[in-house]
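> structural data only, the sequence is not supplied:
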């Protein structure tokens, strides 16, 4: 079928066996077996020494820019010199290069509530096909596509090309390297060369200006800080849903600006369900809205948000139309609360804080936390209602100025004459003032003017057509007979 000198319309035996082409079903298997190195690699979430999932990941950097991930509890005993293992004294278990505990870099992986490791920027989950890298100066782990700007978006710190450590690159395995589980031939060839050592920066200067990648409603700073005697201070950032529940969001912002939520106690906790707060009295029976009266729900609109995930912020109520100041944060999706409670926010940061809140102990027989947990402060980063008020005030001011100028300079003529031609509020007509309307009244005005002048050309109006209009009755006279 086009191979060699054969013009036959079927695959010949020579073509099928591979003499003139590769059409056999076993070609892929044979080509894979002919590769001179193994292509297996350690899973990205496992220790390269124990081949078990790590809990305290650290990185050992190689000379070629790659790195191995070890569990701290496994690599430290390996590096430590003992009588039974004198050959392990400060030696990398994979490359056999010198390695000390000070050379290890602590890694920071981002995990979902389910425990799945993902990229902190794009939220794409890691897999065996992902190109995973780490930043030596910060220890944060990303996908390679998330560091193209030369900046660590989590810490807002710039880094150089030498600071990037490749932990996994399945598409870049072209020869035996450290990533395949064997000693790298390239490393062996460069043993005599003095590598360029880049010392990790212990103290990184941070910019005082606001970073470009910081969201106006969630900048990683304190949105609502939850503290207690057993939980260290943490932060949570919440995004309010202005379009879905504008009145509820306005109520929340006004109460937050008034300081109603400062030092507010979390009075109800149901692990696996939700945690509730917003009552200044701390009893769960108080709290008023910004207007001082309960306001209506907004879950019946077409664009209303749903209880479809963890970290949903919604209003607590006693029934339909009884919203006040209390709200709750869900620990899981709660679709049975849809069309009962108004969702007005969603958690966009601080999942570890939500996990810590869910793990708090509860008083026996109640739903109150055993130890007090409070909101220390609510910081508002963006208030669209204030922006709207400012724009509305400017618009009304411009409209008032333009309205005054229009009223002074552009007064419509004869706007006080009705359609009969009579000036409103007086008996004068437009015709007597030299003005005639454009409606039916202009004819009436002309007739009145003629009547005042005494008819058409001095002839009385009543005498013009009297002869023509006189009706003859009877048979008349018979003089002509």
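Alright, I've got the coordinates. The model shown is predicted, which means the values in this text are computed figures rather than measured ones. Residues are numbered from 1 along each chain as shown.
> gap between residue 101 and residue 89?
The spacing between residue 101 and residue 89, counted by CB to CB, to the nearest Å, is 12 Å. Glycine gets a C-beta too; all of them are placed from N, C-alpha and C.
> so what sits against both of those two?
Jointly contacting residue 101 and residue 89 under the rule CB atoms under 8 Å, 6 or more residues apart in numbering are residue 79.
> tell me the buried residues in stretch 332-339?
Neighbour counts using 16 or more other CB atoms under 10 Å place 334, 337 of stretch 332-339 among the buried residues.
> and it, how far apart are its ends?
One end of stretch 332-339 to the other measures 17 Å (CA to CA, to the nearest Å).
> which residues touch that stretch?
272, 273, 274, 299, 300, 306, 307, 308, 309, 310, 312, 314.
> so for that stretch, mean pLDDT?
For stretch 332-339, mean pLDDT is 89.
> can you flag which of the contacts of stretch 332-339 belong to strands?
Using DSSP state E, the members of the contacts of stretch 332-339 that fall in strands are 274, 312, 314.
> bridged to the second one, which residues?
Okay, so that is residue 312. residue 346 (DSSP bridges).
> what's the neighbour count on it?
Neighbours of residue 312 under the rule other CB atoms under 10 Å: 24.
> what of the last one?
Each residue near residue 314 was counted by other CB under 10 Å, and the total is 26.
> just checking, it touches residue 327?
Yes. Contact criterion CB atoms under 8 Å: residue 314 and residue 327 qualify, at 6.4 Å.
> wait, what's in contact with the nearest residue to residue 327 once chain neighbours are set aside?
Closest residue to residue 327 apart from its sequence neighbours, by CB to CB, 6 or more residues apart in numbering: residue 278 at 4.8 Å. By CB under 8 Å, 6+ apart, the residues touching residue 278 are 261, 264, 287, 316, 324, 325, 326, 327.
> ok, the first one touching residue 255?
Right, residue 261. Yes. Using CB under 8 Å, residue 261 is in contact with residue 255, at 6.3 Å.
> give the residues shared as contacts by the two.
Common neighbours of residue 261 and residue 255, counting by CB under 8 Å, 6+ apart, are residue 325.
> now the residue nearest to residue 378 when sequence neighbours are not counted: which helix or strand?
Nearest residue to residue 378, sequence neighbours excluded (CB to CB, 6+ apart): residue 256, at 4.2 Å. Following DSSP states H and E, one finds residue 256 within helix 246-257.
> can you point out the buried residues in that helix?
246, 247, 248, 249, 250, 251, 252, 253, 255, 256.
> can you give me the pLDDT of residue 417?
With respect to pLDDT, residue 417 has a value of 72.
> with residue 117 instead?
93.
> quick one, what contacts it?
44, 45, 109, 110, 111, 125, 126.
> show me where the stretch 1-150 of the chain has its helices.
Residue ranges of the helices in the stretch 1-150 of the chain, as given by DSSP state H, counting those that start in this stretch, are 13-17, 27-33, 72-79.
> which of those helices has the lowest mean pLDDT?
helix 27-33 (a mean of 62).
> picking that back up, give me the common contacts of residue 314 and residue 327.
Common neighbours of residue 314 and residue 327, counting by CB under 8 Å, 6+ apart, are 344, 345.
> and residue 318, what element?
Going by DSSP H and E, residue 318 is not part of any helix or strand.
> offset the numbering so it begins at 119, please.
With the count now opening at 119, the last piece we talked about shows up as residue 436.
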